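In: build the 3D model from these lines:
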Amino acid sequence: MIIKRATIQDAKTISHIHASSWKSAYRGIIPQRYLDELQDDFWVNAFQGWIEANTVTALLIYDQELAVGCIAYGKSRDKKLSEWGEIISIYLLPAYFGKGYGHKLLKAALDDLKIAGYNDVYLWVLENNEAAKNFYERNGFVFNNEKYSFAIMGKPLQDMRYIFSFNNARI
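Out: All right, here's what the predicted structure looks like:
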């Protein structure tokens, strides 16, 4: 396992990892038609812009020469938590779920956020994504009772805010 900081040239790879992960991890949670229609390049422009503007840091984790996962993080995008760090996304190719790659990515991002001076970090997780909630809880995140409602293709969904404090770190 090798972790490298992503560059603009990695945006296509990052987007592919996101799309592959969504199609597997969100099956039965997000409408299947949405997942079926999700294109591999959906996130390319977003990541190119974020990386170029240096507003988001993205790390890729490799198995041999293959990028199998990625994490994106940075300064909070939520104005009311302006002193916090945020994990924006963490995704793996489905064949790499449950093999420790996610933990390594999360630890690398948290280490980086701590060095950057953040005491607290948050992320959003889909309420029905039990595997992700368990993963974050095992890694020291706790649900802070805040939820955000939205819809995809008319299906109502809720994100739950999970928080992590370096003062209570277990990772």
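
In: what about the strands in this structure?
Out: Here the chain has its strands, by DSSP state E, at 2-5, 57-63, 66-75, 85-92, 120-126, 142-152, 155-165.

In: low-confidence stretches in the protein?
Out: Along the chain, the parts satisfying pLDDT under 70 run over 169-171.

In: residue 75 contacts residue 85, correct?
Out: Yes: the pair residue 75 / residue 85 is scored as a contact, 6.6 Å apart, by CB atoms under 8 Å. In this view, the C-beta of every residue, glycine as well, is placed from N, C-alpha and C.

In: which of those two has more neighbours?
Out: residue 85 (24 against 17; other CB atoms under 10 Å).

In: OK, contacts around the spatially most central residue of the chain?
Out: Note on the chain: the residue nearest the mean C-alpha position is residue 89, at 1.6 Å, using CA atoms, centre = their mean. For residue 89, the contact set (CB atoms under 8 Å, 6 or more residues apart in numbering) comprises 18, 70-72.

In: tell me the spacing between it and residue 47.
Out: Going from residue 89 to residue 47 by CB to CB, to the nearest Å gives 10 Å.

In: returning to what we had before: okay, among the contacts of residue 89, which ones form the most distant pair?
Out: 18 and 71 (11.0 Å; CB to CB).

In: which of those two has more neighbours?
Out: Using other CB under 10 Å, the more surrounded residue of residue 18 and residue 71 is residue 71, with 27 against 22.

In: distance check, that one against residue 51.
Out: 13 Å.

In: overlap of the contact sets of these two?
Out: Here residue 71 and residue 51 have residue 58 as joint contacts, going by CB under 8 Å, 6+ apart.

In: which residues do residue 89 and residue 47 both contact?
Out: The overlap between the contact sets of residue 89 and residue 47 (CB under 8 Å, 6+ apart) consists of residue 72.

In: ok so, going back, and the strands of the chain as a markdown table, adding distance to residue 11?
Out: As requested, the strands of the chain are exported to a markdown table (distance: least, CB to CB, whole Å):
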| stretch | distance to residue 11 |
| --- | --- |
| strand 2-5 | 13 |
| strand 57-63 | 9 |
| strand 66-75 | 10 |
| strand 85-92 | 13 |
| strand 120-126 | 21 |
| strand 142-152 | 23 |
| strand 155-165 | 24 |
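
In: contacting residues for residue 50?
Out: 56, 58, 72, 74.

In: isn't the last one up against residue 109?
Out: When you say that, I think you mean residue 74. No: counting by CB under 8 Å, residue 109 is not a contact partner of residue 74; they are 9.4 Å apart.
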